[in-house]
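In: pasting the structure only:
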């Protein structure tokens, strides 16, 4: 799709024109998820993982007001070093673009920009959702509304465990978003393989996943699909340890009156400290795992077109 604000990397553009598999990747993990230079190293390794599994990676960001689909290594380095990069979700995109600023894309904004480019598969760590205590705060991630409207399959390790996962799944059900467990009947919770909740349906192969996804869109049922891909068992963190760390971090966030889009990075940072870095290591491994599955899914979807 043509858009005057959109710049698609030539490699990505050729792949899309030729019907080859492409996987979108977000950029908040680069600018807001990890310290430099680890953030750059991991971003490049995620791209390599996508390539190793047969697809073309397209890391997405906003640079100097341009919507970039498929960053160069130098652009990833720029984001990794940047200190003034805005964490840009749907509401932030008009401002960031109009002011010519740099923006790291969240799940929601990555979906929007990937959709403009015509990409149908996106790998991320975990989706946002309904925050704990949302009955009072109404703090609900824009990721969920984007999943309800944008035709992209999002491969993730479930929802971040700092969230109210039950309400998150209820929201997705209300908006008709399928939640497919990849090789599991249980919905994962980012660092752990089982949130205590089930999934809408299960697929045990990428071919089965691709059939469900293609059928959904062929029926003109617009909106995304959550592919819930559990963290590999050897990298999962003990659920009790994670929950204790989250409860402590939530109390601290409330005492410090931290709110809005600052909540998630604050909580994740505190959980990393409380687990001695185990949660960060788990985060890295689940992202690689999601990139592998997303690439294979993109390959399968390309075969079915």
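Out: Thanks, I have it. On a predicted model such as this, the values are computed, not experimentally measured, just so you know.
In: touching, residue 15 and residue 56? I think so.
Out: Yes: taking Cβ atoms under 8 Å as the definition, residue 15 is a contact partner of residue 56 at 4.3 Å. Using the backbone N, CA and C atoms, a C-beta is placed for each residue, glycine as well.
In: would you map out the domains in this protein?
Out: 1-119, 126-305 (automatic domain parsing).
In: give me the common contacts of residue 15 and residue 56.
Out: Common contacts of residue 15 and residue 56, defined by Cβ atoms under 8 Å, 6 or more residues apart in numbering, comprise 21-22.
In: quick one, strands of the chain?
Out: 6-8, 22-25, 56-63, 66-69, 86-88, 103-105, 121-123, 153-156, 179-182, 186-189, 192-198, 201-203, 225-228 (DSSP state E).
In: how about those in CSV, adding mean pLDDT?
Out: Formatted as CSV, the strands of the chain follow (pLDDT from 0 to 100):
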stretch, mean pLDDT
strand 6-8, 98
strand 22-25, 98
strand 56-63, 98
strand 66-69, 98
strand 86-88, 95
strand 103-105, 97
strand 121-123, 98
strand 153-156, 98
strand 179-182, 98
strand 186-189, 97
strand 192-198, 95
strand 201-203, 97
strand 225-228, 98
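In: if we compare those strands, which one ends up closest to residue 166?
Out: Among the strands of the chain, the nearest to residue 166 by Cβ to Cβ is strand 192-198 (6.1 Å).
In: so what touches the closest one?
Out: Applying Cβ under 8 Å, 6+ apart, the contact partners of strand 192-198 are 158-159, 161, 165-166, 169, 181, 184-189, 230-231, 233, 236-239, 242.
In: how far does it sit from its chain's centre?
Out: Distance of strand 192-198 from the chain centroid (Cα atoms, centre = their mean, to the nearest Å) equals 18 Å.
In: do stretch 158-170 as well
Out: Per Cα atoms, centre = their mean, the displacement of stretch 158-170 from the mean C-alpha position of its chain is 14 Å.
In: before we move on, the earlier item: with mean neighbour count added, can I get the domains of the chain in TSV?
Out: Converted to TSV, the domains of the chain look like this (neighbours: other Cβ atoms under 10 Å):
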stretch	mean neighbour count
domain 1-119	20
domain 126-305	19
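In: averaging pLDDT over each of these, which comes out lowest?
Out: For the domains of the chain, the bottom mean pLDDT is recorded on domain 126-305, which sits at a mean of 92.
In: quick one on the thing from earlier: so which of the strands of the chain is nearest residue 130?
Out: Using Cβ to Cβ, the nearest of the strands of the chain to residue 130 is strand 192-198, at 12.6 Å.
In: partner strands of that closest one, with direction?
Out: Paired strands of strand 192-198, with direction, are strand 186-189 (antiparallel) (DSSP bridges).
In: from the centre of the chain, point out the most distant residue.
Out: residue 255 (28.7 Å; Cα atoms, centre = their mean).
In: how about the helices in the chain?
Out: 10-17, 28, 38-52, 73-81, 93-98, 107-117, 134-137, 142-149, 165-174, 206-218, 239-255, 263-274, 278-304 (DSSP state H).
In: what residues does the second one touch?
Out: If I follow you right, that is helix 28. Here helix 28 makes contact (Cβ under 8 Å, 6+ apart) with 87, 104-106.
In: which residues touch residue 99?
Out: Going by Cβ under 8 Å, 6+ apart, residue 99 touches residue 65.
In: just confirm residue 173 contacts residue 200, I think it does.
Out: Yes: look at residue 173 against residue 200 with Cβ under 8 Å: they come within range, at 7.4 Å.
In: now for the two: what residues contact both?
Out: Common contacts of residue 173 and residue 200 (Cβ under 8 Å, 6+ apart): residue 179.
In: any chance of CSV for the helices of the chain, columns distance to residue 194?
Out: Output for the helices of the chain, formatted as CSV (distance: least, Cβ to Cβ, whole Å):
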stretch, distance to residue 194
helix 10-17, 36
helix 28, 26
helix 38-52, 25
helix 73-81, 33
helix 93-98, 35
helix 107-117, 22
helix 134-137, 22
helix 142-149, 21
helix 165-174, 11
helix 206-218, 20
helix 239-255, 8
helix 263-274, 18
helix 278-304, 14
